[in-house]
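A.B. asks: Give me a 3D structure for the following:
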Amino acid sequence: MAGPRIPVPRLEGVSQEQFMRHLYPQRKPLVLEGIDLGTCTSKWTVDYLSQVGGNKEVKIHVTTVAQMDFISKNFVYRTLPFDKLVQRAAEEKHKEFFISEDEKYYLRSLGEDPRKDIADIRKQFPLLEGDIKFPEFFKEEQFFSSVFRISSPGLQLWTHYDVMDNLLIQVTGKKRVVLFSPRDAQYLYLSGTKSEVLNIDNPDLGKYPLFSKARRYECSLGAALWFHNVISEEFGVGVNVFWKHLPSECYDKTDTYGNKDPTAASRATQILDRALKTLAELPEEYRDFYARRMVLHIQDKAFSKNFE
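C.D. replies: Coordinates of the predicted model:
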């Protein structure tokens, strides 16, 4: 069975002051309702997005399975005009397709040059900019990116974490977001920033026994470092707004996706890797002993005192 479930607070009509002063400092997920998002909530139908969004080519994920896996890459990258993508993503069966008539699509919008430019709906889709209002829960200079997300019904993304804080604005469709605390990272079988556990509702506990200890939160908004798994229950259109919680100099300047670890964390990981290579020079029993001492030292010096 999956881990214990913890209810997530649902709040309506939260003001900027209330969010910044009382809610944001808690660093925990919330569902915020009744926020003014502009006219997008009524305008962004399939027909409207197809007509107004334009026919600019976009890079998309195409898959024949419901659970996408970024580690094994069980999908392919293809390009489609934006209007065609919207139409196809809303279909259950396709007359035109890349792999099969029931394939699924996922768009995570990119900058003009993904290696240099961030995704920003205001720049890549200027005709849609006036339809959506971003909640003013952060300062303009903290803004990092705004990512257009469009997905087919039934599509599930892999569990991963983002470094930047973000709001997931679900404009149309139903989306279930399952989150896991950063404090439960040791139960998620990580490979880089991604979890190896794909089927989070019915996990293989023979292969992933510790996953049963991971506490799960279900909501549609997450703070940085919270692991999240997103399931689109219907054709869905959303916008992720990311911003910088830390000072700008803490982040990798080459990061256009907002998913590279802070530079201090990257340096610490490199130092740890060098330490482990040094330990490898010792016989196994010595290596085991000193590695355990290192773990205890990290727990004593680095973990938060209220670690649970």
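A.B. asks: now the stretch 201-308 of the chain, which segments are flagged as low pLDDT?
C.D. replies: Applying pLDDT under 70 to the stretch 201-308 of the chain flags residues 220-224, 304-308.
A.B. asks: May I have the secondary structure class of the nearest residue to K260 once chain neighbours are set aside?
C.D. replies: Once flanking residues are discounted, K260 sits nearest to D252: 4.3 Å by Cβ to Cβ, 6 or more residues apart in numbering. Using the backbone N, CA and C atoms, a C-beta is placed for each residue, glycine as well. Secondary structure state of D252, per DSSP: H, G, I helix; E, B strand; the rest coil, is coil.
A.B. asks: in which helix or strand would I find Y48?
C.D. replies: Using DSSP states H and E, Y48 maps to helix 46-52.
A.B. asks: State the next helix or strand along the chain beyond that helix.
C.D. replies: Using DSSP H and E, the helix or strand that follows helix 46-52 in sequence is strand 57-63.
A.B. asks: still on that earlier bit, now tell me what touches the helix holding Y48 from outside.
C.D. replies: With Cβ atoms under 8 Å, 6 or more residues apart in numbering as the test, helix 46-52 has contacts from F82, D83, V86, Q87, A90, L127, L128, F235, V237.
A.B. asks: Present the residues you listed as a markdown table; the columns should include neighbour count.
C.D. replies: Below are the contacts of helix 46-52 laid out as a markdown table (neighbours: other Cβ atoms under 10 Å):
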| residue | neighbour count |
| --- | --- |
| F82 | 24 |
| D83 | 19 |
| V86 | 25 |
| Q87 | 17 |
| A90 | 21 |
| L127 | 10 |
| L128 | 21 |
| F235 | 21 |
| V237 | 25 |
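A.B. asks: Just to be sure, which of the residues you listed are found in strands?
C.D. replies: V237 (DSSP state E).
A.B. asks: ok, which pair from the contacts of helix 46-52 is furthest apart?
C.D. replies: L127 and F235 (20.6 Å; Cβ to Cβ).
A.B. asks: about what we covered before: so which bits of the helix holding Y48 are buried?
C.D. replies: Of all the residues in helix 46-52, those buried under the rule 16 or more other Cβ atoms under 10 Å are V46, L49, S50.
A.B. asks: tell me the mean pLDDT over it?
C.D. replies: Helix 46-52 carries an average pLDDT of 96.
A.B. asks: Nearest to P9 among the contacts of helix 46-52?
C.D. replies: Minimum distance to P9 across those is 25.2 Å, recorded for V237 (Cβ to Cβ).
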